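1. okay, here's the prediction I keep looking at, along with the sequence it came from:
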Amino acid sequence: MSITMRTTKKHKRRSDWLVALIFLSPLLVIYAVYYLYSIVFLGQTSVQRIGISLLRPVQVGFDNFALLFTDPVFGRAILNNLMYAGISISVALTVGFFIAVTLSTGVRARKLFYLVFLLPALMPLSLVATIFGSMLQERFGVLNETLRAVGLGSLAQSWLTTPGLAFAAVALIFCYLIGLPIMYYTADLSALPTSSLEAALLDGAGTFRIMREIIYPMMKSTHITVVLALLLGSFRALEQVLFSTDGGPGSTTEIVGTYLYSYTNSGGKTIGFAAAASTIVLVIALVISLVQLYFTRSRKDEQ
Amino acid sequence: MKFSRTSGLMTATAGLALVLSGCSAGGAETDANGVTTINYWSWDGAPGEAVVDPIIEAFEAENPDIKVKYTEIGQTDFKPKAAQSLGAGEDIDVLTVQPGAWAGEVQDYLLPVADWANGDDLRTSFTDTSITQAERMFADGELMAVPVYSTGSAVGIYNADILGELGVTPPRTWAEFKTMSDALKAQGKGILPVTMPSEDWFQDEAALTSVGQVDPDFFNQVRYEDGKWDTDAYVEGLKNYKALFDNGTFDTATLDMDYGTAMTTFDEGKSAVAFNGSWEAGRIFSGNYGIVPFPAESAEKASLRAGLDVMLGIPAESTKHEAAAKFVEYMSVGAGVDEWASALKGIAAKEGYQLPEGVLSTDLQKQSYQTLVDLITEPASDRNNLGAFSDYVGANVKQVLLGSMTAEDAAKDGQAELETGNF
């Protein structure tokens, strides 16, 4: 290769970089302003004792983190997030998958069913949670009123103030929002190669066997997307709990979102503490994202 | 799509004109007609749009050179939104300052009352107690906002028709409340004896009202003197409160009702008494309702915590101090007082204030108002809450009421939380 050709290639590479940089620069600026600045601000605030006005900060080192690690409510909130994520993932990978496959087979009133399952995910979460909360009220809630009306009054419960029942009620709200996983599955089902399915049919495999042993394994990448979307989504959740149980009774249904909200909305010097909690949550989300990267990479290697 | 040089120039000129006109509208003190527009920010209950609008109308009629633009924010969002807006240089000229920890939080943004054009005169127009309470809100004791009115919590609003049907007198003691609850059960109409907000902050209010009957000085000791939270008085007061649920005087069904549901249930005649803050006292005009204190062992022990609920301040960054000070004066000691005082939003901080004749038209209303004034002017302690701490200990109170925590553990846990220094 001649020196002239090498120089030309070098120039081309440099101009490619320049073009890429020009196209990426608006995004990079937005990233720098909204992400990097926020992260730096979060880190800085997390070592301060400071209120919502962000005035008169007092440097407290890692005191906020030390407090967090000894706060059982924070630990409980993270655990609850993981548990709610686990429950909604289980439901998405089973019920959600089943619904998506069933609807993709061309059942009657398919569009209506899609609407029924997708609507909760498209509605404002605050509305969904408020309605759930109101339905489950002990005295005048629709559920207990109905039970009493049909002679099953003995089954009426204090759904929102009994710890186990309140936890289950919130889990139900998380599962009720199953529409997005169904959408992921539906989108990927249309791209599935039909040859394997035809071969299975010719071999005499039944519907459930095809579903379980052919389609389910073929949708591995969608499963990973669903798992990670729900897991990361659970750490952004707020309304599901805030408008139904508000984290109670006690801290039974507390999640990271409601925990942070209570401290950011306070009039006191609690913003540094909330920033420290956010930093920890950010690290957890980062670890989950790294796991996602790892799984995505290994899948590409296999290909 | 192609743009000609002319159309490009026109667009740029129009954009520039818009930007400049936007800037000038925000910063100008007066418009071409000599009218100064001031921005007044408050939260929805202080005293609320329905009360504020007629006040603004009357003020503008009296001061044609001033226009007031009112912005109302939901109570739960007011603290973060207003504090951040002040920090971002939002054009606010009159700000409702929420007493408690938040007042100290935003004090650096406020202009000292002494620097207002009418500051010195205004200061002498309020009761000494309210001025002292207002000064206590700020770190160095300097008056940064004027007191407007005080409220107390918790008090009960009772439905006189329901009580009349039962043949019981308005209950003030534990025994009288129990009699009323038993009568309601015997009646079998499914009417609850009591509803109240189940929100953590209100459960803290209710528990502290009960604690105040045991040790009136408990809260002030904690708030101002580094007193302990886990005292015997706190435990006893909390146990007394729990006993009301345990012996059937109160129904636990109220413990999953949010603020709105609890009050709607009362309005619909499905509960005999609604406990809340005195800011809900205006309800006595909407039915045959009266006011009773939170139940105590004996009527003499009945009390509540009270304090300033609303103060008005002027941000130091405002460029319309004079107009803003005029409006604050109108709201806090001027003709505006009658409007919110007549709606029973609070007890005026204005020295020697009396409700206008005819506001209270029935004996029950007169009696109820007197009960309210007696309770608020002689409170057990200040209602100078500690934001998120109130939510934290309120959640524990509910656990105690539901039997999943002991009063002793709740007291210890509250003390540990207090010692974190976050509040």
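-> It's in.
2. name the next helix or strand following the helix or strand of chain B with the lowest mean pLDDT along the chain.
-> None of the helices or strands of chain B scores lower by mean pLDDT, DSSP states H and E than helix B:5-27, at a mean of 47. Downstream of helix B:5-27, the first helix or strand assigned by DSSP states H and E is strand B:36-43.
3. what is the mean pLDDT for that following strand?
-> For strand B:36-43, mean pLDDT is 97.
4. what residues are up against residue A:250?
-> Counting by Cβ atoms under 8 Å, 6 or more residues apart in numbering or on different chains, residue A:250 makes contact with A:163, B:395-396, B:398-399, B:404-405. Quick note: C-beta positions are derived from backbone N, CA and C, even for glycine.
5. test my guess that residue B:302 contacts residue B:371.
-> No: Residue B:302 is beyond contact range of residue B:371, at 9.1 Å (criterion: Cβ atoms under 8 Å).
6. any common contacting residues for these two?
-> Joint contacts of residue B:302 and residue B:371 (Cβ under 8 Å, 6+ apart) are residue B:293.
7. buried residues in the longest helix anywhere in chain A?
-> Assignment by DSSP state H gives helix A:271-302 as the longest helix of chain A. Neighbour counts over helix A:271-302 (16 or more other Cβ atoms under 10 Å in any protein chain shown) mark A:271-282, A:284, A:288, A:292 as buried.
8. so how many other residues sit close to residue B:191?
-> 17 (other Cβ atoms under 10 Å in any protein chain shown).
9. what does the stretch 151-300 of chain A have sitting close to chain B?
-> When proximity is defined by Cβ under 8 Å from any Cβ of the partner chain, the stretch 151-300 of chain A lies next to chain B at A:158-161, A:163, A:246-251, A:262-270, A:273.
10. any idea where the helices of the stretch 201-350 of chain B begin and end?
-> For the stretch 201-350 of chain B, applying DSSP state H, counting those that start in this stretch gives helices covering B:218-224, B:232-246, B:259-267, B:321-332, B:336-342.
11. which residues outside the fourth one are in contact with it?
-> Contacts to helix B:321-332, defined as Cβ under 8 Å, 6+ apart, come from residues B:36, B:38, B:40, B:55, B:59, B:62-63, B:65-66, B:68, B:93-94, B:111, B:116-119, B:122, B:125-126, B:146-148, B:312, B:314, B:318, B:336-337, B:349-350.
12. now swap in the third one and tell me
-> Among residues not part of helix B:259-267, those counted as contacts by Cβ under 8 Å, 6+ apart are A:134, A:137, A:140, B:157, B:159, B:192, B:195-199, B:202, B:254, B:257, B:271, B:273-274, B:276, B:280, B:283, B:286-287.
13. before we move on, what about the longest one?
-> Residues external to helix B:232-246 that are found in contact with it (Cβ under 8 Å, 6+ apart): B:174, B:177, B:206-208, B:210-215, B:218, B:249-252, B:295, B:297, B:397, B:400-401, B:407-408, B:410-411, B:414.
14. which element is the closest residue to chain A within the stretch 1-150 of chain B on?
-> Of all residues in the stretch 1-150 of chain B, the one sitting closest to chain A is residue B:102 (3.1 Å; Cβ to the nearest Cβ). Element membership for residue B:102, per DSSP H and E: helix B:101-106.
15. now do residue B:404
-> Using DSSP H and E, residue B:404 falls outside every helix and strand.
16. where in chain B is pLDDT low?
-> B:1-28, B:423 (pLDDT under 70).
17. still on that earlier bit, in strands, which of the residues of the stretch 151-300 of chain A next to chain B fall?
-> Here DSSP state E is the test, and those give no hits in strands at all.
18. so how do I select the buried members of the residues you listed in PyMOL?
-> A single PyMOL command selects the buried members of these (16+ other Cβ under 10 Å):
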select buried, chain A and resi 158+159+160+161+163+246+247+248+249+250+251+262+263+264+265+266+267+268+269+270+273
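19. ok, and the closest non-adjacent residue to the residue most central in space within chain A?
-> By Cα atoms, centre = their mean, chain A has its centre lying nearest to residue A:233, at 1.3 Å. Excluding its sequence neighbours, the residue lying closest to residue A:233 (Cβ to Cβ, 6 or more residues apart in numbering or on different chains) is residue A:85, at 7.7 Å.
20. I'd assumed residue A:230 was in contact with that neighbour.
-> Yes: in terms of Cβ under 8 Å, residue A:85 counts as a neighbour of residue A:230; the distance is 5.6 Å.
21. ok, and of the contacts of helix B:232-246, which contact chain A?
-> B:251-252.
22. read off the pLDDT value for residue A:65.
-> Residue A:65 is given a pLDDT of 96.
23. what strand or helix carries it?
-> helix A:63-69.
24. check whether that helix comes near chain B.
-> Yes: Helix A:63-69 is in contact with chain B by Cβ under 8 Å from any Cβ, via residue A:67.
25. do the same with stretch A:125-145
-> Yes: using Cβ under 8 Å from any Cβ, stretch A:125-145 reaches chain B at A:133-134, A:136-140.
26. farthest-separated two in these?
-> Spatial extent of these (Cβ to Cβ) is set by the pair A:133 and A:139 at 13.4 Å.
27. more neighbours, the two?
-> Each of residue A:133 and residue A:139 has its neighbours counted (other Cβ under 10 Å); residue A:133 has more, 24 against 21.
28. from what I can see that one touches residue A:242, true?
-> No: between residue A:133 and residue A:242 there is no contact under Cβ under 8 Å: 9.8 Å.
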